[in-house]
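Chemist: dropping a prediction and its sequence here:
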Amino acid sequence: MSHVAVENVHGLDQQLAALDLSSADVQGVTGRRYIPPHLRNKEAAKNDAPGGWDNGRSNGFVNGYHDGRDNRMNGGSSFAGRGPIRSDRGGRGGFRGFGYDNKDAGGWNVPKDNAYNSFGGRSDRGKSSFFNDRGSSSRGRYERGGFGGGGNSRWVEECRDEDWSKPLPPNERLEHELFSGSNTGINFEKYDDIPVEATGHNGPQPIDSFHDLEMGEIIMGNINLSRYTRPTPVQKHAIPIIKSKRDLMACAQTGSGKTAAFLLPVLSQIYTDGPGEALQAAKNSAQENGKYGRRKQYPISLVLAPTRELALQIYDEARKFSYRSHVRPCVVYGGADIGQQIRDLERGCHLLVATPGRLVDMMERGKIGLDYCNYLVLDEADRMLDMGFEPQIRRIVEQDTMPPKGLRQTMMFSATFPKEIQILARDFLEDYIFLAVGRVGSTSENITQKVVWVEENDKRSFLLDLLNATGKDSLTLVFVETKKGADALEDFLYREGYACTSIHGDRSQRDREEALHQFRSGRCPILVATAVAARGLDISNVKHVINFDLPSDIEEYVHRIGRTGRVGNLGLATSFFNDKNGNITKDLLDILVEAKQEVPSWLESLAYEHQHKSSSRGRSKRFSGGFGARDYRQNSSSGGGGFGGRGGRSTGGHGGNRGFGGGGFGNFYSSDGYGGNYSQVDWWGN
DNA sequence: AAAAAAC
């Protein structure tokens, strides 16, 4: 294989040295011969690794993981010598029953009970006999509740003549809970010159300040509490578009504030307009079904997301911006107790965040009616409309009681939006404005992107070196392609003494949420993840995203690395590339060039080879099968443009790699059997 | 040869 000849120039040691990590305290690189970290200092490990924490790495820290960290105390003696505890795994730490279980005991919606206190201060509310029957401990939570309060006639009366534009009284405890998070403020000042494209007739002027538009007392109050100073570029444009009741397809870079870009104007509009017909519908449902527990909710706004954790995250944002309002946000998603979710819905639901499957379930159970849903948001819209999700979206949007397009307002957001999916998306939009902030599908220049050649067998060793070079207190997100691969890598890292956890679709929802929590909190600063964590998740302090396995399409890559470098912060993304990744070569190269990143000359050469060997490759495979007769390939962004066709591109100037670009290197690869492989392989079948 | 999304 090609590796033989590459080794001297692009061996692991040289590549590591070139990575330029901030605390590049990488071992085993000094000598000529690369020594895998887990084979180094085996003797020393026995002596200087008390408790086995750093398992042979004697440079004083293991991934910034201190002996003094408090997770150590959770370990029983049985963990001596085995590394940190994974408190999210039942079998490992014996630690379950502390964290999540505790939360569970109080009901997963405990925070929402607090949210409901936003109705507090009205001592006359919700004192139904139903809740008063309960024991004192639960009454404390429920008696300030509002709409869900059981007695229907009272509830109906209370809902009458409410002015939704006026804030409800503050609640200090809830306010603290919602807004004490650390990184709510977004600093996007330096992006004023970002290119913006808005097409569609009569688009409104962008705003420059949150005060430029009348968003109402409640929204402005919550913006202040969130410490938002100025709108981000996507917010500047999307907010006035949504406020002027236009449909919208919006593309903006990862981490640029898309969630608030739709939540703020939608909620603002709901506060201004009030509940309208939805209130009457819920009232009727309540009257027809006298018993508590039979009521159907008619949300005014629906937000759909492709993963459960993202839905949860959007819901958490919605809680902030609905503080002190009459709007009660809810979230429903699979893998969690549906009974709990139903009970929560029945306490009132005006803005619903959902994953598609569970929402369909709720609709079929008669718990949710979309008849009065005036606002529909598809977050990560290209994912929501791809082959896996499209039927469910049509089921929800087109084949039920939701108002048709034109009557409802539809908004779509994503960082990537392949042309093929944009065409599909038009089915759901009416007279929409297309908004592109930055170039669609491009990456933030705040992210330093590195691509390194690593053979499969070297990946683990290389990963350990990267982890060891990562500073303390910074989070590292490691993406793999398969769920099995995630488990295997997590086990490996665990055995090597790293505080890590994992998230993927085969883990229980409880474990998934716990893993994310452990990662977010820094307790487990390494998270091994599949695509489930690629999109939308906003985790502060992710310093390094590692593509242990590169994804097969470039959109996935863009979203993955977008977990770092958010809201103006700097981030690092390192991708392991080898001859299994030929399918992404060209698109990856384009992304690197566009984001003004250093391009390894071997990647350039490979892209050139690839272009020659198979001209019709691109992202087409994702779209060629699933959409019937329509030709979605016509716009494939990866089809055109030859190697030499990229204007203004310098092929030299890549430092140490100079001299290996150009035809010679490429010829070497192809003569070595590399190229021949690629023209044949269809990556997930055929 | 995959991930995700309901039970």
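Modeler: That came through fine.

Chemist: and the residue of the stretch 251-400 of chain A closest to DNA strand B?
Modeler: For the stretch 251-400 of chain A and DNA strand B, the shortest gap (CB to the nearest atom of the strand) falls at A:Gly357, measuring 2.1 Å. Just so you know, the C-beta spots here come from the backbone N, C-alpha and C atoms, and that holds for glycine as well.

Chemist: which residues does the closest residue to that residue other than its chain neighbours contact?
Modeler: By the measure of CB to CB, 6 or more residues apart in numbering, the closest residue to A:Gly357 outside its immediate chain neighbours is A:Gly334, 5.3 Å from it. By CB atoms under 8 Å, 6 or more residues apart in numbering, A:Gly334 lies in contact with A:308, A:355, A:357-358, A:361, A:509.

Chemist: ok, now A:Pro206?
Modeler: Contacts of A:Pro206 by CB under 8 Å, 6+ apart are A:196, A:236-237, A:240.

Chemist: helices - which of those land there?
Modeler: A:236-237, A:240 (DSSP state H).

Chemist: which one (most neighbours) among those?
Modeler: The residue in these with the most neighbours, by other CB atoms under 10 Å, is A:His237 (27 neighbours).

Chemist: before we move on, the earlier item: quick one: which of the contacts of A:Pro206 is nearest A:Gly257?
Modeler: Closest approach to A:Gly257 among the contacts of A:Pro206 (CB to CB): A:Lys236, at 9.9 Å.

Chemist: please name the nearest non-neighbouring residue to that closest one.
Modeler: Of all residues not flanking A:Lys236 in the chain, A:Pro206 sits nearest, at 4.3 Å (CB to CB, 6+ apart).

Chemist: so the one you found: helix, strand or coil?
Modeler: What DSSP: H, G, I helix; E, B strand; the rest coil gives for A:Pro206 is coil.

Chemist: how many other residues sit next to A:Ile239?
Modeler: 25.

Chemist: might one say that it is in contact with A:Pro231?
Modeler: Yes. Between A:Ile239 and A:Pro231 there is a contact under CB atoms under 8 Å: 6.6 Å.

Chemist: who touches both of the two?
Modeler: What both A:Ile239 and A:Pro231 touch, as defined by CB under 8 Å, 6+ apart, is the set A:Ile207.

Chemist: output the contacting helices and strands for the helix or strand where A:Leu606 lies.
Modeler: Element membership for A:Leu606, per DSSP states H and E: helix A:601-613. Helix A:601-613 sits against helix A:585-594, helix A:662-671, helix A:674-680, with contacts defined as 3 or more CB pairs under 8 Å, 6 or more residues apart in numbering; DSSP states H and E.

Chemist: what are the ranges of the strands in chain A?
Modeler: A:196-199, A:248-252, A:301-304, A:329-332, A:351-354, A:375-379, A:409-414, A:433-437, A:447-453, A:475-479, A:500-503, A:526-529, A:542-547, A:571-577 (DSSP state E).

Chemist: and the residue in the stretch 451-600 of chain A that DNA strand B sits nearest to, how many neighbours?
Modeler: Closest to DNA strand B within the stretch 451-600 of chain A is A:Gly505: 2.2 Å, counting by CB to the nearest atom of the strand. Using other CB under 10 Å, A:Gly505 has 14 neighbouring residues.

Chemist: surely it and A:Val532 touch.
Modeler: Yes. The criterion here is CB under 8 Å, and A:Gly505 meets it with A:Val532 at 5.6 Å.

Chemist: can you check which residues contact both of these two?
Modeler: By CB under 8 Å, 6+ apart, no residue touches both A:Gly505 and A:Val532.

Chemist: hang on, the earlier thing: of the contacts of A:Gly334, select the buried ones using a PyMOL command.
Modeler: Buried residues within these, by 16 or more other CB atoms under 10 Å, are selected in PyMOL with:
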select buried, chain A and resi 308+355+358+361+509
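
Chemist: by contact count, what packs against the biggest helix by length in chain A?
Modeler: The helix that spans the most residues within chain A, counting by DSSP H, is helix A:258-273. Other elements packing on helix A:258-273 under the criterion 3+ CB pairs under 8 Å, 6+ apart are helix A:216-225, helix A:233-243, strand A:248-252, strand A:301-304, helix A:308-321, strand A:351-354, strand A:375-379, strand A:409-414.

Chemist: show the average pLDDT along it.
Modeler: Over the span of helix A:258-273, the pLDDT mean works out to 97.

Chemist: again, but for stretch A:542-555
Modeler: Stretch A:542-555 comes out at a mean pLDDT of 96.

Chemist: could you tell me which residues make contact with the residue nearest to A:Leu475 when sequence neighbours are not counted?
Modeler: Of all residues not flanking A:Leu475 in the chain, A:Val542 sits nearest, at 4.7 Å (CB to CB, 6+ apart). Residues in contact with A:Val542 (CB under 8 Å, 6+ apart) are A:474-477, A:563-564, A:566, A:571.

Chemist: tell me the one of the residues you listed nearest A:Leu424?
Modeler: Nearest to A:Leu424 among the contacts of A:Val542, with distances taken as CB to CB, is A:Arg563, at 26.1 Å.

Chemist: now for the contacts of A:Gly334: which two are most distant?
Modeler: Between any two of the contacts of A:Gly334 (CB to CB), the greatest distance is 14.5 Å, for A:Asp361 and A:Gln509.

Chemist: A:Val567 and A:Ala260, how far apart?
Modeler: Using CB to CB, to the nearest Å, one obtains 11 Å as the distance from A:Val567 to A:Ala260.

Chemist: which of those two has more neighbours?
Modeler: Comparing A:Val567 with A:Ala260 by other CB under 10 Å, the one with more neighbours is A:Ala260, at 22 against 18.

Chemist: worst-scoring helix or strand of chain A, pLDDT-wise?
Modeler: Within chain A, no helix or strand scores below helix A:662-671, which has a mean of 22 by mean pLDDT, DSSP states H and E.

Chemist: what stretches of the stretch 501-650 of chain A score poorly on pLDDT?
Modeler: Counting by pLDDT under 70, the stretch 501-650 of chain A shows low-confidence ranges at A:612-650.

Chemist: how far away is A:Thr448 from A:Ala595?
Modeler: From A:Thr448 over to A:Ala595 the distance is 9 Å, taken as CB to CB.

Chemist: enumerate the residues of the stretch 251-400 of chain A near DNA strand B.
Modeler: Within the stretch 251-400 of chain A, the positions near DNA strand B by CB under 7 Å from any atom of the strand are A:306-309, A:333-336, A:338, A:354-361, A:364, A:386-389, A:392.

Chemist: now, of those, which are buried?
Modeler: By 16+ other CB under 10 Å, those give A:306-309, A:333-336, A:338, A:354-356, A:358-361, A:386, A:389, A:392 as buried.

Chemist: so which of the contacts of A:Pro206 sits lowest on pLDDT?
Modeler: Ranked by pLDDT, these bottom out at A:Val196, which scores 93.
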